[in-house]
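Output the structure for:
(2 chains)
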Amino acid sequence: MKDDLYFNLDHGYAEGLCRGFKSGILKAADYHNLVQCETLEDLRLHLQSTDYGNFLANEASPLTVNVIDDRLREKTVQEFQHLRNVSYEPLSTFLDYITYAYMIDNIVLLITGTLHQRAIGDLLPRCHPLGSFEQLGAITVADTPAQLYTAVLVDTPLAPYFIDCISEHDLDELNVEIIRSTLYKAYLEDFYNFCEKLGGITAEVMCEILAFEADRRAFMITINSFDTGLTQDERAKLYPTCGHLHPDGLQELRRTDSYDAVRDVAAHYPQYKLLFEGAGTNTGDKTIEDKFFEHEVKLNMNAFLRQFHFGIFYAYLKLKEQENRNIIWIGECIAQKHRARIDNYVPIF
Amino acid sequence: MSTIFRSEEMTLCQLFLQPDAAYACISELGELGIVQFRDLNPNVNSFQRKFVNEVRRCEEMERKLRFLETEIKKDELPIYDPEDNPDAPKPREMIDLEATFEKLDHELKEINTNADALLRNFNELTELKHNLSMTQAFFDEAQANPVAVLEDVNGEREIELGGQATTSVGMKLGFITGVIPRERMVTFERMLWRVCRGNVFVKQADIPDLIEDPLTGEKVHKTVFVVFFQGEQLKNRVQKICEGFRANIYPCPENPHERRELAMGVMTRLEDLTIVLSQTQDHRQRVLAASSRNLRTWQIKVKKIKAIYHTMNMFNNDVARKCFIAECWAPVTELDRIQLALRKGSEASGGGTVSSVLNRMITREQPPTHHKLNKFTQGFQNLVDAYGVATYREINPMPFVLITFPFLFAVMFELINMILLSYPTEPESSRTFYSGQRGIQTALIVLAVICIPWMLLGKPIYRIIMNKRRANYSTVTNQTENIENENNEQIHNTEKKRGIVLDVDVRDTDTDEMLDDDHLHQQHHQLEVDMSEVWVEQGIHTIEYFLGCISHTASYLRLWALSLAHAQLSEVLWHMVLQIGLGMNGYVGAIASFIVFMPWSSLTVFILLLMEGLSAFLHALRLHWVEFQSKFYKGEGYPFVPFSFRLLLDETPIEG
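Numbers count the residues shown, from 1 in each chain, chains lettered A, B, ... in the order given. The predicted model follows:
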């Protein structure tokens, strides 16, 4: 009740704006037109009649998929930053939490790039703008995680997530992935607790979305780690504990060693059983990642069915990213003239 | 005959255009601005239409013109408006225009790249200049006050300080100088301290001027910093941090003599660069000024070309007859002018043996609503249209609104009261405004009462009579009907959408249903059902009318309410505010009047003029929309939006 009465005082404008943005997301008819395009110029022409408008108007032809990708990202970032600028607490903190995920991605990108001897000037433009912070450029100075923490990250909001990562191993390829997963686990659990503390409809909506995200990470980490040198215990330390799988599912998951075993674990949970049944490992089938994307889209769309909560902002950003991925997928298929799998985008509406 | 009481009579026309003449004809029609084209290809995607390439070329030209405009605006040059209305250029001229734009675009981009490179160089040198002067100042200060400096640093060191050299045991300090944006300085220092574990020494000085950042081109505040450290490892770390924070590092020689030489070299180079830069800017301004004269004309031309091709995308390309088929709505009275325009277009594009043809078509679709208006009547028509656009050929309330709206507004705003009701002596109820008022009032009431049975019974009785007549007619012709039916259907189908000229309007305007032979069969089967529906409908209308009479009449009481409120407000402001000031005598009175005038005038303006004015407008509008229009107005039409260059250029203002 408290949600309904007082929500609009501080957050009504931001919510209205967000729902307006959401109504501009491409519909099935738009995708139908897009897959019929022969060239990227046709793509640009069709996008002019959607909410995207003339965002590519000042690009000289010939267009490339990279340019489209940059402009799409720019537009999404602009919208998100505007929402952040007009928000009040606690919505501002909520939106900041969303950006931490991008910060983690940027850090890992920079470390990996440095390991491959790339110049910092090349790497910085490839970072996601939503995840930029002042000390980002200085990441390359660090050689070990401890240095990374004490020098760079201690002032950023990511500092508390790093406690578990500090070890004296050098930063190399495998380690970097482990660092990413550990950071992400800590971030996800922290975000989950924050949403729970917010209470009300936000907690209901966000906790469901984040629980799915946690379970999805657990599944993907397990499946991707099957042929690497990662031991079962190490793997188990990377599972986020804020999902439905905790604690029993995670216990069983750590003991699995094949895709089928993972599927058996998933069979205990009705919603995941459905997802695994629809997926297969043969070519031409949908992979489990695709099914996860579809489920995520469904959860995000459901968030918009309720009012007076912050989940719509998170859901909007994720839906917009999915839409950008779809457009780039279609663009790539057109540009490379390989139209066989052009329909493999994830439909949103 | 066109009047403002009804919308114009419109007709659906079919145009057959020769491919060569099509462009010129559409151009003429655009200048005329009295036809509305229909899209004959609604299911075709925008990028699969016939002229999509031409549209793309127009958009490319628009992009170049937009770029040109931003460049002109950046240099704050004036843009000249064209005096006359340039015509849409022919397709051949389009290629010339494209070539001109391409050349301009290329030239401008080249100038910009050169200017950018020069500017970057200039900025780097400026930063270097400040860098050198600041470090020079620092070293001078250190020379003058070596003790203070020594206290900050652990251990002894050796630095060459002008002529004075202090000896030391062991290590030599290296240093890096550079420039960094001011807001990043604090984080930068903290980072340096953390990474190097406090083994570096930083000195900084703000640059007072705004410097243009070589990378982004914005003017920012910058700071010069000097970092002292010991050893190679620390040097690498410091360099990496500088790179990460995007600080610009400048090499600074240790020897003061070299520093001075470098500073002088920088000054000379800066002077040279300034000259070259100003020359480049002049060149750029010349190019831009030359094109600024034509910019608006070009923009209008390109807009017109694009509009013409968009329209031509809506046409049907008949390959068999080698012509374009277009459908448009046009007012019947303007058909001659349209024919003239088509002829002009055909001649302009080189004559040819066959000219464009215009045919009127018969259709059952509802035409758009078009009123002939001037600037004065347009305003009131907008008031009516805001509620709903008139159905085709419906009575237009606008002429009545023209008179009653100002009247009602004046009543509520007390103007009428002031004129008519100046200080009456008789009681209100027996006063008459004009002779014969009593009689007219009685007559109106009698009319209103008669309306009730008229509405309730009129239509059903009419229907019953018509049905009886038709029933007689259909039984007689039942046998011949079946044979005629087939013939009629065939003729009907062919008549539907071809360009055969017909003079007779087949629609029966007596009844709402069509008197086709096909329908007569169903009619007398549905006789009973129709009648009950008609009774119910008429009953509803009568009740609505009766209740409406009472409620609408009561609604007009708001005229009294608002005028009373207005009168009381002005009385209050007068007696309680201004009279106080005017009541006093002498000098005190003069000052009091002066002081009182401000609140009185501001209250008058805001409350009486603005608020009451808005209120009177709103209530007058409501009285028209609800109490007047609901009695007869359907408002289910759609407006006539002609293909007109004038409308196109007005609605998308070229001024950015």
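
Spatially nearest residue to B:V641 (excluding sequence neighbours)?
Spatial nearest neighbour of B:V641, chain neighbours left out: B:Q36 (5.7 Å); criterion: CB to CB, 6 or more residues apart in numbering or on different chains. The C-beta positions use only the backbone N, C-alpha and C, and glycine is treated the same way.

Please disregard the earlier target; I meant A:L136.
A:N106 (6.1 Å).

ok so that neighbour is a helix residue?
Yes - counting by DSSP: H, G, I helix; E, B strand; the rest coil, A:N106 falls inside a helix.

My guess is A:S181 contacts A:A236. True?
No - here A:S181 does not reach A:A236: they are 11.5 Å apart, not a contact under CB atoms under 8 Å.

which one of these two has more residues nearby?
More neighbours surround A:S181 than the other of A:S181 and A:A236, with 24 against 16 (other CB atoms under 10 Å in any protein chain shown).

Name the helix or strand for the more buried one, please.
helix A:173-198 (DSSP states H and E).

Count the neighbours of the nearest residue to A:I107 once chain neighbours are set aside for me.
Of all residues not flanking A:I107 in the chain, A:I139 sits nearest, at 6.0 Å (CB to CB, 6+ apart). By other CB under 10 Å, 26 other residues sit near A:I139.

now do the one 5 residues further on
With neighbours defined by other CB under 10 Å, the count for A:T144 comes to 15.

What of B:L210?
Count around B:L210 with other CB under 10 Å applied: 11.

Next: A:L188.
A:L188: 22 neighbours (other CB under 10 Å).

Can you classify the residue nearest to it when sequence neighbours are not counted as helix, strand or coil?
Using CB to CB, 6+ apart and skipping the chain neighbours, the partner closest in space to A:L188 is A:P240 (4.6 Å). Following three-state DSSP, the label given to A:P240 is coil.

A:P240: what's it in contact with?
Counting by CB atoms under 8 Å, 6 or more residues apart in numbering or on different chains, A:P240 touches A:184-185, A:188-189, A:213-214, A:217-218.

Isn't A:T222 up against A:R255?
No - here A:T222 lies out of contact with A:R255, judged by CB under 8 Å, at a distance of 10.1 Å.

Tell me the residue of chain A that sits nearest chain B?
Ranked by CB to the nearest CB, the top residue of chain A for proximity to chain B is A:G137, at 3.1 Å.

For the closest residue to that residue other than its chain neighbours, which residues are in contact?
Closest residue to A:G137 apart from its sequence neighbours, by CB to CB, 6+ apart: B:G244 at 3.1 Å. By CB under 8 Å, 6+ apart, the contact set of B:G244 is A:120, A:135-141.

Checking B:P42 next. Helix, strand or coil?
coil.

which residues of the stretch 251-400 of chain B fall in helices?
With DSSP state H, counting those that start in this stretch as the definition, the stretch 251-400 of chain B shows helices at residue ranges B:256-292, B:295-312, B:335-348, B:375-387, B:398-412.

So which of those is nearest B:E9?
Of all the helices of the stretch 251-400 of chain B, it is helix B:335-348 that lies closest to B:E9, at 10.6 Å by CB to CB.

tell me how far that closest one is from the chain's mean position?
32 Å (CA atoms, centre = their mean, to the nearest Å).

what bits of the stretch 1-150 of chain A have low per-residue confidence?
A:1-3 (pLDDT under 70).

that older thread, who's more crowded, A:T222 and A:R255?
Taking other CB under 10 Å, A:T222 and A:R255 do not tie; A:T222 has more neighbours (25 against 10).

sec struct for that one, please.
Secondary structure, three-state DSSP: A:T222 is helix.

list the contacts for it?
By CB under 8 Å, 6+ apart, the residues touching A:T222 are A:235, A:253-254, A:256, A:262.

May I see those residues arranged in CSV, with secondary structure, distance to A:A146 and pLDDT as well?
Conversion of the contacts of A:T222 to CSV gives the following (DSSP: H, G, I helix; E, B strand; the rest coil; distance: CB to CB, whole Å; pLDDT from 0 to 100):
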residue, secondary structure, distance to A:A146, pLDDT
A:R235, helix, 23, 87
A:L253, helix, 30, 88
A:R254, helix, 28, 86
A:T256, coil, 33, 88
A:V262, helix, 34, 90
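
Secondary structure element holding the residue lying closest to A:M220 once chain neighbours are set aside?
Leaving aside its chain neighbours, A:M220 sits nearest to A:E289 (7.3 Å; criterion: CB to CB, 6+ apart). Using DSSP H and E, A:E289 sits within helix A:288-303.

who's in contact with that helix?
A:205, A:208-209, A:212-213, A:216, A:219-220, A:223, A:271, A:275-276, A:278-279, A:309, A:311-312, A:314-316, A:318-319, A:322, A:344, A:346-348.
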